[in-house]
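> can you look at this prediction? I've put the sequence above it.
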Amino acid sequence: MLDFIYYPVSFILWCWHKVFGFVLGDNNAIAWILAIMFLTFTIRGIMFKPFVNQVRSMKKMQDFAPELKKVQKKYANDRQRQAQEMQKLQREHGVNPLGSCLPMLLQIPAFIGLNWVLRAFSIQPKDGSPKTNNYFFDQQGVDSYLHAKLFGVNIGDAIHHATVLGGTGGGWNWNVAPVAIPLMILASILTHLTARHSAARQSAAAAEANPQTAMMQKLTMYVFPLGVLVFGAFFPIGLLVYWLSNNSWTLMQQRLVYTKIDKEEEAKKAAAKEKRDSLAPKPGAKPKPGQKPVQQTKATDTPTDSDTETTDETPSDTKQSNGQKDKAGSPHRFAQQGQRPQNGRAQQRKKPASGGKNSGQKGSGQKRR
């Protein structure tokens, strides 16, 4: 029924066994263990791209976790509207909630396929005849697997063998425990360390905003390692090697990918800061030689008393700066500076002197000016 999973898994295992069997010998248990390990690495290499997408998706979820929390608080009494708004927010940020679960979901078929292929080596036909093939393995490959021993224990044995599809050899095999139990403990510890390292990347706000993520963290950190430690007694030695290799690869891959993504984030922040600094004016910067500061002065502005008094008190400075020889009391001085003389001074200058002729002469003199 699941041959579409069993055949690819057995083909990859067959290829790697041919490689290591050519060097170490077909019946060598180390060749089979290396073949199982590199089967794991091949499958994880295929899933490398989805894993990177998973890490980036988790990073985006951390960035907008406060927004998710606001949506949850706003629609706390309306679960349907809350779910709709959260999905809308995830679409806006380009986050797929299933993307974080994809690598784990893809590992399940590989685990099921390898479990069945390894168990099928020792399942005898119902008529009692010797087994002649196992998917891509011929009779020679089956005999090689059945005779491969690690520390005197066949790699297809488990502490407890279940009878599957009429197979024989069910029951407890405590002679396998000295090899299986250390592998079970190591696999359990690596499972916990891998889950802890992944959970350390997620902030408390992200876990609080997404309860499913917090629940999954607890499952992977405590329930899964405990499950490996308890149910590992039912796994063949080869399957324990797969579990141990898988978690070792995951832990190494997480460290490399997380370090790379952290460097990318730091580079983006440094580039953004450099861009802001280049656009902002530098403090204390002096103008270039010959460059004048731009001043916008309106002709309609009315000078204050302090400005007028300062101008009257230092007429020589004003004449030197303008390059003109006007008199200190000339109205022309105020016009050049865009200012108006005060009303009192203007009226005082325009007021004619008392007396008939003298006043007429002064008036005519003012006109001639």
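The structure has been received and is ready for your questions.
> quick one, strands of the chain?
Here the chain has its strands, by DSSP state E, at 149-150, 153-154, 160-161, 171-172.
> wait, what's in contact with Asn28?
Taking C-beta atoms under 8 Å, 6 or more residues apart in numbering as the criterion, Asn28 is in contact with Phe20, Gly21, Ala148. For every residue, glycine as well, the C-beta is placed using N, CA and C.
> report the separation between the first one and Ala233.
Read it as Phe20. According to C-beta to C-beta, to the nearest Å, Phe20 stands 28 Å off from Ala233.
> what is the burial count for the residue nearest to Val153 when sequence neighbours are not counted?
Distances taken as C-beta to C-beta, 6 or more residues apart in numbering put Val179 closest to Val153, at 4.8 Å, once the chain neighbours are dropped. Counted with other C-beta atoms under 10 Å, the neighbours of Val179 add up to 20.
> in this structure Val179 contacts Phe151, no?
Yes - Val179 is within contact range of Phe151, at 5.4 Å (criterion: C-beta atoms under 8 Å).
> hang on, the earlier thing: quick one: which of the contacts of Asn28 is nearest to Ile46?
Phe20 (20.0 Å; C-beta to C-beta).
> excluding residues flanking it in the chain, which one is nearest that closest one?
Leaving aside its chain neighbours, Phe20 sits nearest to Ala31 (4.0 Å; criterion: C-beta to C-beta, 6+ apart).
> my read: that neighbour touches Lys18, true?
No - with contact defined as C-beta under 8 Å, Ala31 does not reach Lys18; the gap is 9.4 Å.
> these two: who's more crowded?
Comparing Ala31 with Lys18 by other C-beta under 10 Å, the one with more neighbours is Ala31, at 22 against 13.
> make a markdown table out of the contacts of Asn28 and add neighbour count.
Formatted as a markdown table, the contacts of Asn28 follow (neighbours: other C-beta atoms under 10 Å):
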| residue | neighbour count |
| --- | --- |
| Phe20 | 19 |
| Gly21 | 20 |
| Ala148 | 24 |
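> switch those residues over to CSV; also include pLDDT.
Shown next, in CSV, are the contacts of Asn28 (pLDDT from 0 to 100):
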residue, pLDDT
Phe20, 94
Gly21, 92
Ala148, 89
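> just those: which are in helices?
Phe20, Gly21 (DSSP state H).
> looking at the contacts of Asn28, which is nearest Pro66?
Phe20 (51.6 Å).
> quick one: low-confidence parts of the stretch 251-369 of the chain?
The model of the stretch 251-369 of the chain has pLDDT under 70 over residues 280-369.
> OK, contacts around Gly113?
Contacts of Gly113 by C-beta under 8 Å, 6+ apart are Leu2, Ile5, Tyr6, Pro8, Val9, Ser10.
> nearest to Ser245 among those residues?
Comparing the contacts of Gly113 against Ser245 with C-beta to C-beta places Val9 closest, at 14.3 Å.
> tell me which residues of stretch 74-89 come out buried.
For stretch 74-89, the neighbour count (16 or more other C-beta atoms under 10 Å) marks Tyr75, Gln82, Glu85, Met86 as buried.
> ignore what I typed, I meant stretch 1-21.
Ile5, Tyr6, Pro8, Val9, Ser10, Ile12, Leu13, Trp14, Trp16, His17, Phe20, Gly21.
> tell me the spacing between the nearest residue to the fourth one once chain neighbours are set aside and Phe11.
Using C-beta to C-beta, 6+ apart and skipping residues adjacent in sequence, the residue nearest Val9 is Gly113, 3.6 Å away. With the distance defined as C-beta to C-beta, Gly113 ends up 10 Å from Phe11.
> Leu2 now?
For Leu2, the distance to Phe11 - C-beta to C-beta - is 15 Å.
> and if you look at Pro125?
For Pro125, the distance to Phe11 equals 22 Å [C-beta to C-beta].
> same deal with Val19?
For Val19 relative to Phe11 (C-beta to C-beta), the value is 13 Å.
> for Thr220, same thing?
Going from Thr220 to Phe11 by C-beta to C-beta gives 30 Å.
> also Ala272?
49 Å.
> in this structure, which helix is the longest?
From DSSP H, the single longest helix across the chain is helix 237-279.
> which elements pack onto it?
helix 29-46, helix 48-63, helix 102-120, helix 177-199 (3 or more C-beta pairs under 8 Å, 6 or more residues apart in numbering; DSSP states H and E).
> and Ile261, which of these is closest to it?
So among the helices and strands packed on helix 237-279, helix 48-63 is nearest, using C-beta to C-beta, at 6.1 Å.
> okay, the closest one in PDB with CA atoms only?
Taking C-alpha atoms only, helix 48-63 is exported to PDB below (Å, rounded to 0.1, in the frame of the first residue of the first chain):
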ATOM      1  CA  PHE A  48      17.300  21.700   3.500                       C
ATOM      2  CA  LYS A  49      15.400  24.300   1.500                       C
ATOM      3  CA  PRO A  50      12.100  23.800   3.400                       C
ATOM      4  CA  PHE A  51      14.100  24.000   6.700                       C
ATOM      5  CA  VAL A  52      15.500  27.400   5.700                       C
ATOM      6  CA  ASN A  53      12.000  28.600   4.800                       C
ATOM      7  CA  GLN A  54      10.800  27.400   8.200                       C
ATOM      8  CA  VAL A  55      13.400  29.400  10.000                       C
ATOM      9  CA  ARG A  56      12.700  32.500   8.000                       C
ATOM     10  CA  SER A  57       8.900  32.000   8.700                       C
ATOM     11  CA  MET A  58       9.600  31.700  12.400                       C
ATOM     12  CA  LYS A  59      11.700  35.000  12.300                       C
ATOM     13  CA  LYS A  60       8.800  36.800  10.500                       C
ATOM     14  CA  MET A  61       6.300  35.600  13.100                       C
ATOM     15  CA  GLN A  62       8.600  36.900  15.900                       C
ATOM     16  CA  ASP A  63       8.600  40.300  14.200                       C
END
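> many thanks, have a good one.
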